[in-house]
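Colleague: here's my sequence, what's the structure:
(2 chains)
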Amino acid sequence: DQQVKQNSPSLSVQEGRISILNCDYTNSMFDYFLWYKKYPAEGPTFLISISSIKDKNEDGRFTVFLNKSAKHLSLHIVPSQPGDSAVYFCAVLNQGGKLIFGQGTELSVKP
Amino acid sequence: DAGVIQSPRHEVTEMGQEVTLRCKPISGHNSLFWYRQTMMRGLELLIYFNNNVPIDDSGMPEDRFSAKMPNASFSTLKIQPSEPRDSAVYFCASSQPAGQGWNTDTQYFGPGTRLTVL
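Modeller: All right, here's what the predicted structure looks like:
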């Protein structure tokens, strides 16, 4: 059973618009959440994270929102750029200190 | 630093053959992770080492999979015998834990090995 779910395998957005990537998790005990970005033929790279004591964390064009009651987090990219086209993985840190990843969402930003 | 190095980048083999994937972590990192990426399940942690010692191998799918870390600069993931369902991209990552907890912001991934088992 998937503890971390990204229900949209792909997303297409126009350059300059907002990209919203969503992620749901099952365990309310999770308290640290991350987003990774992956380009083709490369490994994932860390993008942004959020602790459960916050509901928002911002880093430039990237903002992660956490809704603990809904067990949902999202990544907003504003404005979207063609170079943002990649696969985005959300991940949670479990109590054992392991990262659990979602299936990924492929973002395509069209010029 | 060259980052995490994995070899080979691509491997095509026939069912029943032994496959060995290799990883060189970033110098100075003392934690190493092996992940597998598939379309259905995304990125799954297979095993991780801390100071060359396997800490958690609960993600290893079955006995056909084994991993070793003989020293701080080298690890292998072996599949014997390989099966078509093992086809996936295998990533190695390394990190330097900060303090008492895991600072997972700093897991650095290699480029992966794409394995195809025919």
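Colleague: in chain B, what residue comes closest to chain A?
Modeller: Chain B approaches chain A most closely through B:Phe109 (2.9 Å), counting by CB to the nearest CB. For the C-beta atoms, the positions are set from N, CA and C on the backbone; glycine is no exception.
Colleague: how about the contacts made by that residue?
Modeller: If you count contacts by CB atoms under 8 Å, 6 or more residues apart in numbering or on different chains, B:Phe109 has them with A:43-45, B:4, B:35, B:91-93.
Colleague: out of those residues, which is nearest to A:Ile100?
Modeller: Nearest to A:Ile100 among the contacts of B:Phe109 is B:Tyr35, at 10.9 Å by CB to CB.
Colleague: so that closest one bridges to which residues?
Modeller: B:Leu45, B:Phe91 (DSSP bridges).
Colleague: residue contacts, it?
Modeller: Each residue near B:Tyr35 by CB under 8 Å, 6+ apart is listed here: A:101, B:43-46, B:90-93, B:109.
Colleague: what residue ranges in chain A score low on pLDDT?
Modeller: Counting by pLDDT under 70, the ranges of chain A that qualify are A:1.
Colleague: phi, psi for the closest residue to chain B within it please.
Modeller: Nearest residue of chain A to chain B: A:Gly43, at 2.9 Å (CB to the nearest CB). The phi/psi pair for A:Gly43 (degrees, to the nearest 10) reads phi -80, psi 160.
Colleague: is it true that it touches B:Thr113?
Modeller: No. Under the criterion of CB atoms under 8 Å, A:Gly43 makes no contact with B:Thr113, lying 10.6 Å away.
Colleague: which neighbours do these two share?
Modeller: Common contact partners of A:Gly43 and B:Thr113 (CB under 8 Å, 6+ apart): B:Phe91.
Colleague: can you tell me the closest non-neighbouring residue to A:Tyr36?
Modeller: In space, and not counting its chain neighbours, A:Tyr36 is closest to A:Pro44: 3.9 Å by CB to CB, 6 or more residues apart in numbering or on different chains.
Colleague: burial count for that neighbour?
Modeller: Neighbour count for A:Pro44, taken as other CB atoms under 10 Å in any protein chain shown: 28.
Colleague: what of B:Ser87?
Modeller: A count of nearby residues for B:Ser87, using other CB under 10 Å, gives 16.
Colleague: swap in B:Asp56?
Modeller: Applying other CB under 10 Å, I find that B:Asp56 has 16 neighbouring residues.
Colleague: residues contacting it?
Modeller: By CB under 8 Å, 6+ apart, the contact list for B:Asp56 reads A:96, A:98, B:45, B:47-48.
Colleague: pull out the buried members of these.
Modeller: By neighbour count, with 16 or more other CB atoms under 10 Å in any protein chain shown, those hold A:98, B:45, B:47-48 as buried.
Colleague: residues in contact with A:Asn7?
Modeller: A:22, A:24.
Colleague: so B:Arg85: helix, strand or coil?
Modeller: helix (DSSP: H, G, I helix; E, B strand; the rest coil).
Colleague: mind telling me the two of the contacts of B:Tyr35 farthest from one another?
Modeller: Largest separation among those by CB to CB: A:Phe101 and B:Cys92, giving 14.9 Å.
Colleague: quick one, strands of chain B?
Modeller: Assigned by DSSP state E, chain B shows strands spanning B:5-7, B:10-13, B:19-24, B:31-38, B:42-50, B:53-56, B:65-71, B:74-79, B:88-95, B:108-109, B:113-117.
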